[in-house]
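>>> need a structure here:
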Amino acid sequence: MLKRFGRSYLRKLRRSSRGQGLVEVVIALAILALITASVPSALLMITNYQFRWNERRTAENLTRNQIEYIMNSDYTTGGCGIAGRPACTTVPVPTGYWEIMVVAQPIQLNPSTYPIITPLPNGQDQGVQQVTVTIVHNEKDILTTKDFKGNRTEIWRPKI
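You can find the predicted model right below:
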């Protein structure tokens, strides 16, 4: 009985299945083409994101090194890197790939105008400078960091 049922079922199955039609094959190929076309653009997007992330991380490390170097160096009265003043001494980096601009601008100590920083005219200095480090890569500003440096011998000297 089971053999007869199996044979009759196979005969019906063979008669009803004629294979895939042209429309089904074309639709399957179109879906496969859409999926395949999206893979390179996704890989390109991931690669660009990873490049920007690495560029940003490198810029942060360069900025941190420059700020630490400037903070630990001697105080330069009048600032450096601004118009009419010599460039600030920085940690050397390979030329042509990264450009680092460091400016130490003397600022006015005025708590009433804070957070607005008032730069002092050239040649004046009250013992506090705003240090700005800008990292440029491929002629594009990547990161700008600001910090403050004080002349400890002038500001924190005890009044007699």
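>>> what strand or helix carries the closest residue in space to residue 125 that isn't next to it in sequence?
Excluding its sequence neighbours, the residue lying closest to residue 125 (CB to CB, 6 or more residues apart in numbering) is residue 106, at 4.3 Å. From N, CA and C alone the C-beta is placed, and that goes for glycine too. Per DSSP states H and E, residue 106 falls inside strand 98-106.
>>> name the residues of that strand that are buried.
With burial defined by 16 or more other CB atoms under 10 Å, the residues of strand 98-106 counted as buried are 98, 100-106.
>>> give me the residue at the spatial middle of this structure.
For the chain, the residue nearest the mean C-alpha position is residue 56 (2.7 Å; CA atoms, centre = their mean).
>>> what's near enough to touch that residue?
By CB atoms under 8 Å, 6 or more residues apart in numbering, the contact set of residue 56 is 142-143.
>>> can I assume it sits in a helix?
Yes. Residue 56: assigned to a helix according to DSSP: H, G, I helix; E, B strand; the rest coil.
>>> show me what the residue nearest to residue 125 is bridged to.
residue 129 (DSSP bridges).
>>> ok, it to residue 99 distance?
As defined by CB to CB, to the nearest Å, residue 106 lies at a distance of 24 Å from residue 99.
>>> then residue 64?
Separation of residue 64 from residue 99 (CB to CB): 17 Å.
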